[in-house]
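Participant: Need a 3D model of the sequence below.
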Amino acid sequence: MKAKFTIPVLVISVVAAIAFSVQWMQQQKQIHIVVIATGSSDGEYYAFAKALAIVVARHQPKIRITIRLRARTPVFQAGDETQQP
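Facilitator: You can find the predicted model right below:
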């Protein structure tokens, strides 16, 4: 009776180990991309984002930070009906 279950359990265990190994290897190769939108290139947020991108690139090569410049846009705050979004 035990021999009847030993081979299927062994096969399922080997298949599961292979599947988890393949998934782990794919995660190790994955590169994460972060996009930071800032104001103008002479602003403080741009300088902060640039410094952050340099530090992260130096210490975490699997994380890439892209900085995007955005024009000034009006700010809408919830509950303030006088401003238009």
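
Participant: switch to C-alpha atoms for all contacts and neighbour counts from now on
Facilitator: OK.

Participant: is it true that His32 touches Ile63?
Facilitator: Yes - if you go by CA atoms under 8 Å, His32 and Ile63 touch, sitting 4.8 Å apart.

Participant: Okay, and the beta partners of Arg68?
Facilitator: Taking DSSP bridges, one finds Ala37 as the beta-bridge partners of Arg68.

Participant: show me the contacts for it.
Facilitator: Going by CA atoms under 8 Å, 6 or more residues apart in numbering, Arg68 touches 35-38.

Participant: Please identify which of His32 and Ile63 sits among more neighbours.
Facilitator: With other CA atoms under 10 Å as the criterion, His32 and Ile63 differ in neighbour count, and Ile63 comes out ahead with 16 against 10.

Participant: Quick one: residues contacting that one.
Facilitator: By CA under 8 Å, 6+ apart, the residues touching Ile63 are 31-34, 56-57.

Participant: Read off the pLDDT value for it.
Facilitator: The predicted local confidence for Ile63 comes out at a pLDDT of 91.

Participant: Next up, the contacts around the residue positioned nearest the centre of the chain.
Facilitator: Nearest to the centroid of the C-alpha atoms of the chain, with distances taken as CA atoms, centre = their mean, sits His32, at 4.2 Å. If a contact means CA under 8 Å, 6+ apart, then His32 has 62-64 as its contacts.
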